[in-house]
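[1] Need coordinates for the following:
(one chain, ligands or ions: 1)
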Amino acid sequence: MPRTNPGPPAPAAVLCGLGGWVPPRVVTNDELAARLDTDDTWIRTRTGIRTRHVAEPGQATSDLAVEAGRLALRSAGGVSADAVIVTTTTPDRPCPATAPVVASRLGLAGAAAFDIGAVCTGFVYGLATAAGLITSGVAERVLLIGADTYSTIVDPLDRTNAIIFGDGAGAVVLRAGDPDEPGAVGHFELGSDGAHEDLITVAAGGSRRRATAVETTHAERHFAMRGKEVYRHAVTRMAASARTTLDQAGWKIGDVDHFVPHQANLRILHSVADELGLPRERCVANVDTVGNTGAASIPLALADAVGRQHISVGDRLLLTAFGGGLTWGSCLLTWPELADPPQPERTTP
Ligand code: COA
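    This is a model prediction of the structure:
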């Protein structure tokens, strides 16, 4: 039966605020080389990373998330939110979730608040979830924060991972709006393949290998990654996800002004761009200064590029992420006018 009275069209989720924050302490490649068997040239040529920011002892993921969330709400014009999502691999504690405490510290007590875990794909999963809350009418305005303190789970003496990861937080505000406005998020493509759960993992501390088990090893309690395999999966999965999303939307690769990928490492980003036939200069990258910041990496890269005025109102963006799980996902949007766009000094102190 055809619907005769479809009612008003469902609202779209429109990005209207953006903020990024990294802890002040900078760790250079030379500083790492002083305690690890590595050197600046190896790190730069293999990963493109020159520096990363690291939280102080006692500084938790929620502390970073609150800073980024505050900046995003300010950038949206000093608004409030009726839902707060934190996406992270390094929550303050296994229980409760980090989002309620973040909401409360931002003066948003009473808002719906929960965490999402999709490792480095968390921000794109979070965008889709936030959009769902808005289009279903559950929320009018959502604060989505990607925040990670990898320094709390990476073994500082593990030269493979200690060089790659950094700490940081990035946040966006989404509001109910019109599907045709700049800032409307979608199309989305999300995927996973749990058969490769061991490629990126912290083996102990959950219900499978309990933190209380006396027999857990030092390695099991820290972040582990099978770098070469991850590299191959990252390139193939990100390129495939990006292509599927572009096809769904009827965009050609030439329609993309800026490709904003999860900042895994520069070689991965350039390989994905090459695979897609996208000029490397359209690939937004700040991994050289902040490293891989997990769920924070896409909003931090956005805040950095918008702050430098590299991304302008009306530019067409393709966001693509990849992470442990394995998980991957992409999303398209046209960059909107923000009430108070991020400034470079607020992103990198
Ligand atoms: N400094 C110096 N040498 C290092 C090193 C470091 N920090 N880390 C590893 N090595 C050594 C290895 O031990 C190995 O030595 P060997 O040949 O004597 O065994 C050699 O360098 C080559 O190691 P390999 O693992 O083959 O290097 P690679 O070229 O694959 O680079 C990564 C390693 C981790 C940089 C790379 O695999 C990578 O980028 N993977 C993806 C990581 C990533 O981005 N993950 C995030 C996804 S969300």
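
[2] Quick check: closest non-adjacent residue to the residue of the stretch 201-349 of the chain found nearest the ligand.
    Nearest to the ligand, among the residues of the stretch 201-349 of the chain, is Gly227, at 2.9 Å (Cβ to the nearest ligand atom). C-beta coordinates here come from the backbone N, C-alpha and C atoms, glycine included. Nearest non-adjacent residue to Gly227, counting by Cβ to Cβ, 6 or more residues apart in numbering: Thr160, 6.0 Å away.

[3] How many residues are close by the one you found?
    15 (other Cβ atoms under 10 Å).

[4] from memory it sits against Phe223, does it?
    No - using Cβ atoms under 8 Å, Thr160 makes no contact with Phe223, being 10.0 Å away.

[5] hmm, back to that, if we look at the helix or strand in which the residue nearest to Gly227 is found, which residues are touching it?
    Under DSSP states H and E, the secondary-structure element containing Thr160 is helix 159-162. With contacts defined as Cβ atoms under 8 Å, 6 or more residues apart in numbering, helix 159-162 is touched by Leu32, Leu36, Asp37, Thr38, Val154, Asp155, Pro156, Phe223, Ala224, Met225, Gly227.

[6] swap the cut-off to 10 Å and go again
    27, 32-33, 35-38, 42-43, 46, 52, 54, 150-151, 153-156, 200, 222-227, 291-292 (Cβ atoms under 10 Å, 6 or more residues apart in numbering).

[7] got the CA positions of stretch 164-177 in CSV?
    What follows is stretch 164-177, C-alpha atoms only, in CSV (Å, rounded to 0.1, in the frame of the first residue of the first chain):
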residue,chain,number,x,y,z
ILE,A,164,53.5,5.0,16.7
PHE,A,165,50.9,6.0,19.3
GLY,A,166,50.1,9.3,20.9
ASP,A,167,47.4,10.7,23.3
GLY,A,168,44.6,13.1,22.3
ALA,A,169,40.9,13.9,21.9
GLY,A,170,38.8,15.3,19.2
ALA,A,171,35.1,16.1,19.3
VAL,A,172,32.2,17.2,17.1
VAL,A,173,28.7,18.4,17.7
LEU,A,174,25.8,17.2,15.5
ARG,A,175,22.4,18.7,15.5
ALA,A,176,19.1,17.9,13.8
GLY,A,177,18.9,19.6,10.4
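
[8] Now do the phi/psi pair for Cys16.
    The phi/psi pair for Cys16 (degrees, to the nearest 10) reads phi -140, psi 0.

[9] Quick one: distance of the helix or strand Tyr231 falls within to the chain centre.
    Following DSSP H and E, one finds Tyr231 within helix 227-249. Distance of helix 227-249 from the chain centroid (Cα atoms, centre = their mean, to the nearest Å) equals 16 Å.

[10] Give the buried residues for that helix.
    Of the residues in helix 227-249, 230-231, 233-235, 237-243, 245-246, 249 count as buried by neighbour count, 16 or more other Cβ atoms under 10 Å.

[11] Could you list the low-pLDDT ranges of the chain?
    Along the chain, segments meeting pLDDT under 70 span 1-9, 213-214, 345-349.

[12] What segments of it are helices?
    Remark: helices assigned in the chain by DSSP state H are 29-35, 40-47, 61-75, 99-105, 122-135, 159-162, 227-249, 266-276, 287-290, 297-307, 344-347.

[13] burial count for the residue of the stretch 1-150 of the chain found nearest the ligand?
    Using Cβ to the nearest ligand atom, Thr38 is the residue of the stretch 1-150 of the chain that sits closest to the ligand, at 3.2 Å. Residues lying near Thr38 (other Cβ under 10 Å) number 17.

[14] which residues touch it?
    Asn29, Leu32, Arg46, Arg159, Thr160, Ala162, Ile163.

[15] filter these to the buried ones?
    Here, 16+ other Cβ under 10 Å leaves Asn29, Leu32, Arg46, Arg159, Ala162, Ile163 buried among the contacts of Thr38.

[16] Reformat those residues as a markdown table; add distance to the ligand.
    Formatted as a markdown table, these follow (distance: Cβ to the nearest ligand atom, whole Å):
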| residue | distance to the ligand |
| --- | --- |
| Asn29 | 9 |
| Leu32 | 8 |
| Arg46 | 4 |
| Arg159 | 4 |
| Ala162 | 8 |
| Ile163 | 5 |
